[in-house]
Every structure is written in C-alpha cells, then in structure tokens.
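only geometry, no sequence info:
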C-alpha cells in the first residue's frame, strides 16, 4: 500500500455493508446524487504476485446489460517497491460472483486477457486498455470480478501493482454514494483466501460493445495541493447542469478543519452569484487533528432547489477569517483516455484568493479544469439521502 511516500501494510477486519445506492462511481446519472460522490486521500497499490504471491480482485456491480468489450485500469509495472523484474505475466479474467455473503470471485471465468509484457502495454503501460477477444455478457444488477493473477514462471520476482483510490482513515461505507458490496478491492494469497481492502476504490472503466462506459475514471488525488478556506479564501465547484434538471435537497463536502471554532459556510448560488441558499455546518462536525483529517460533512437545505439544465451554478465553501479549513480535488482521467461517463463532466474545482477565482494549480499547471472537489448534492426523493459515512479504525502492521 502507498500514500505519498509512505508504505505500510494494513490488516483489516471488517464486515461488508449493503446499501440501496447505485454502483455508479460518479453521481452524474444517479437518481440519488449529483456530483463526483467520491473521496480519496491518495493512491494505494496492491501487488499482483510479488513476495506474497497475491491475487487481486476488483468487485463491481454491473450497471448495464451487454457485451463487455474492454476494460481500462491503472497499473504500476515500472517502479521499485511496486514492481519487480519484468513485471510478470498478468492474466486478467472476468469472473462471476460466488453468491456467498462474502461475495468473492467464483471459479467461473467469463473472459480472459493475458498481459504478456506489461512494460509494452498500450496505449500506455500505466493505463492499458484490455480488449477481450470473446467479450463476456454482463447482466445489469449482478456482481462480477476483474481478477488479476500473476502467471509468470517466477511471480515473486517478476510482478507489478494495480493502483486504486485510497482513504487514510477508511469509513463504512468506503465511499458515501457506493455500497461496499458494489465496489471493492479484494486481495488473496495461495488458495486464495480473500480479504477486502477497506478504503480502496478501484480505478476501473468498463466499456461495452454498444458504447456504454461506466465505473470510476478518477485516477489521481491532489492531496499535495490543498487550498485554504478562511476569510477571503474559499473553494467552490462551478458547474453547468447537463441532461435534465436536478432537484437537490442537501450538499455533502469532504474537508478538514485545521484551526478555529467557526462554522463551515455552505453557499449554493447561481452562476451570476445570486444566492439560492446559504447555511452553516458546525465546527464540531469536523475533528481538529494534526496532520489534518478529512471527513465528509453534510448540509441539508431548508427546502429543495431545482437546478435547471443548461444553467450554471456554484457550490461554494467558506469560513470566517478566525478559522481555517482546507480542501483538495480528485482528478478526472480525461487525459488518459477515460470516458466522460466515468467522472463528473459538468464542472470543476476552483479556489479564491482575495476574491479572485481560478482553477486549481497542480504539477506546475495553473487554472486547471480537470479536478473536482470531493462533493455531491443529494437529489430529492422519497427515501432520504444517507448521511456521510462513519469512521472505521484500522490497525497498521509491518
């Protein structure tokens, strides 16, 4: 596992949580939320083969029925500590679920693809597209697994890693808008005995024969570039509603409090700055820790608001000058070939310094539009939108 330059091994004991939420990684087309609906503190690798001879599964619930033509994943075949030797030979299979309460991969293989030379994978070695010669048929609503097995003659010497989004402090559920059953990273050794990696979200795109694409195309986290929320400094997601109108009842945002006791201010406004509603989230809803601890917090609007298709809006987050909060975006994979239906295309994250708004600055590039705040708007419906997830304690062992 990795987070920044930190490598630890994590032993997790947990129970899976089933919810009625869609497996849609982004909320753009969801009936319960609008926005990315994802959070992350960084990227974390899981070795395929290597010293532990791991087998890895990406569990997902199909959102579409049809032939699965190809998948798009994130691999690390060329970095010491994450990969070794030739990077191995990786057999990637689509497996049915075993139907048990644990929802592990069954032995029923629906399709397979052999990455015979990961260091020559296309269109890139880090973000390869794997095209199945015989596309498997998936059924909407059913659970499946993408299983990575190192079939190299020396898998403990020649190996690579798969990369996923990762929470430093995992929650239940791991993402606020996705069931842990519907999206998970499982790791197994000889046997294998499968163990879910709580806090991991697969970077995985499914591309169907009929042109449908889904799941998660967020592939980077700008944890190293947080922006301050205090006084004249604020952050916002600016967006223009596509498709149909949304009737929203709440706003959830993932932020950290670094000092002070003033409330976090949530402001929903039109693109011209006209206020729709403003309210506060008490500071006590966010822990005050060092280093900063990011959590999901929720603000329920006094009444539901209709966001019209084709109209622009801002979800702005601010605070009094006597308190400091901070936030950072997650990056959409548009530069790496991920399809628009796997991330939030309607907007992007901005920050304000003394009233001047601009897109995020990262990797020496200013005013970027490929990052989103970790947020979502709850869509008004008969069933209440669930609150942000609760914290889960994990034990780190070497």
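All right, it came through fine. Note that the coordinates shown come from a computational prediction; the quantities given were computed from them, not determined experimentally.

And residue 165, how far from residue 267?
Going from residue 165 to residue 267 by Cβ to Cβ, to the nearest Å gives 28 Å. (Each C-beta comes from the backbone N, C-alpha and C, glycine too.)

can you check residue 158 too?
Distance of residue 158 to residue 267, given as Cβ to Cβ: 53 Å.

Quick one: residues contacting the nearest residue in space to residue 266 that is not next to it in sequence.
What sits nearest to residue 266 in space, not counting adjacent residues and going by Cβ to Cβ, 6 or more residues apart in numbering, is residue 299, at 4.4 Å. If you count contacts by Cβ atoms under 8 Å, 6 or more residues apart in numbering, residue 299 has them with 250, 251, 252, 253, 266, 279, 280, 281.

So among these, which ones count as buried?
250, 251, 252, 253, 266, 281 (16 or more other Cβ atoms under 10 Å).

and which of these is nearest to residue 195?
Nearest to residue 195 among these, counting by Cβ to Cβ, is residue 252 at 29.0 Å.

quick one, what contacts that closest one?
Taking Cβ under 8 Å, 6+ apart as the criterion, residue 252 is in contact with 176, 296, 297, 298, 299, 375, 376, 377, 378, 388.

before we move on, back to that, just send the buried ones among the contacts of residue 299 back as JSON lines, with distance to residue 153, pLDDT and secondary structure too.
Putting the buried ones among the contacts of residue 299 into JSON lines (distance: Cβ to Cβ, whole Å; pLDDT from 0 to 100; DSSP: H, G, I helix; E, B strand; the rest coil) gives the following:
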{"residue": "250", "distance to residue 153": "54", "pLDDT": "97", "secondary structure": "strand"}
{"residue": "251", "distance to residue 153": "54", "pLDDT": "98", "secondary structure": "strand"}
{"residue": "252", "distance to residue 153": "49", "pLDDT": "97", "secondary structure": "strand"}
{"residue": "253", "distance to residue 153": "50", "pLDDT": "98", "secondary structure": "strand"}
{"residue": "266", "distance to residue 153": "57", "pLDDT": "98", "secondary structure": "strand"}
{"residue": "281", "distance to residue 153": "56", "pLDDT": "98", "secondary structure": "strand"}
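
so which of the residues you listed comes closest to residue 27?
Nearest to residue 27 among the buried ones among the contacts of residue 299: residue 252, at 10.1 Å, using Cβ to Cβ.

and the residue nearest to the closest one when sequence neighbours are not counted, how many neighbours?
Using Cβ to Cβ, 6+ apart and skipping the chain neighbours, the partner closest in space to residue 252 is residue 298 (4.7 Å). Residue 298 is flanked by 18 other residues according to other Cβ atoms under 10 Å.

The one 4 residues further on now?
The local packing count at residue 302 equals 8, with neighbours defined by other Cβ under 10 Å.

can you check the one 5 residues further on too?
Using other Cβ under 10 Å, residue 307 is surrounded by 22 other residues.

Neighbour count for residue 165 and residue 267, which is higher?
Under the neighbour definition other Cβ under 10 Å, residue 165 and residue 267 were set side by side, and residue 165 has more, 27 against 19.
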